[in-house]
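In: Dropping a prediction and its sequence here:
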Amino acid sequence: MFETERLIIRKFTRGDLPWLIETRTQPAINKYLGGAALQNPEMITKRLDFYLDCYEKHGFGLCAMHWKETGELFGWSGIQPLDGTDEIEVGYGMIPEFWGKGIGFECAKAWLDFGFKEKNLERIVAVAAPENVGSWRIMEKLGMTREKYGEHYGMYCVFYAVSKKDYLNS
């Protein structure tokens, strides 16, 4: 779909399913994604179907992220409908070796730019596990405001949002 300074972001394919299952079933990763109850092969297969359907319906969805320098597939990011709402959310995740390198901010900013400038969305939200303070900081650095706490993806989450107007004027 597009590139950033350090990332190649492309649509997922069915061929990515083994990598997604291997990655998202790791406890260090799935603890922020609803745990093993939501990150098992059956549920991950359903999510991949959802991502592929999003591309067809909306022209966007969660995508694979490759490290530009090596070509390594190391994570995912994108915008997609937030389950059970009329909202569009930005989300990302990656293998632990890539944590703490500013990638979350880099990809989320690219997706907010895409959502607001290319898809003319009026508002984008983000959710995170309350203990995932690193994601809170990224959301706040992007100009998103904490709005509430609530249930999403079978877990208790903090909910952030930013409007197109506020994002483009910041």
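Out: Okay, I see it.
In: what's the weakest-modelled helix or strand in this structure?
Out: helix 27-30 (a mean of 60; mean pLDDT, DSSP states H and E).
In: Name the next helix or strand following that one along the chain.
Out: helix 41-58 (DSSP states H and E).
In: which helices and strands sit right next to that following helix?
Out: helix 17-24, strand 62-67, strand 73-81 (3 or more CB pairs under 8 Å, 6 or more residues apart in numbering; DSSP states H and E). Any C-beta I mention is one placed from the backbone N, CA and C, and that applies to glycine too.
In: same for the second one, what does it pack against?
Out: What that stands for is strand 62-67. For strand 62-67, the elements it packs on are strand 7-11, helix 41-58, strand 73-81, strand 88-94, judged by 3+ CB pairs under 8 Å, 6+ apart.
In: re earlier: save the helices and strands packed on helix 41-58 as TSV, and put in distance to residue 150, mean pLDDT and mean neighbour count too.
Out: Converted to TSV, the helices and strands packed on helix 41-58 look like this (distance: least, CB to CB, whole Å; pLDDT from 0 to 100; neighbours: other CB atoms under 10 Å):
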stretch	distance to residue 150	mean pLDDT	mean neighbour count
helix 17-24	23	87	16
strand 62-67	21	96	22
strand 73-81	16	94	22
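In: for these, which one sits closest to residue 43?
Out: Proximity to residue 43 (CB to CB) singles out helix 17-24 among these, at 8.9 Å.
In: now the helices and strands packed on helix 41-58 in JSON lines, with distance to residue 129?
Out: Converted to JSON lines, the helices and strands packed on helix 41-58 look like this (distance: least, CB to CB, whole Å):
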{"stretch": "helix 17-24", "distance to residue 129": "14"}
{"stretch": "strand 62-67", "distance to residue 129": "17"}
{"stretch": "strand 73-81", "distance to residue 129": "16"}
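In: Which among these is found nearest to residue 142?
Out: Of all the helices and strands packed on helix 41-58, strand 73-81 comes closest under CB to CB, at 12.6 Å.
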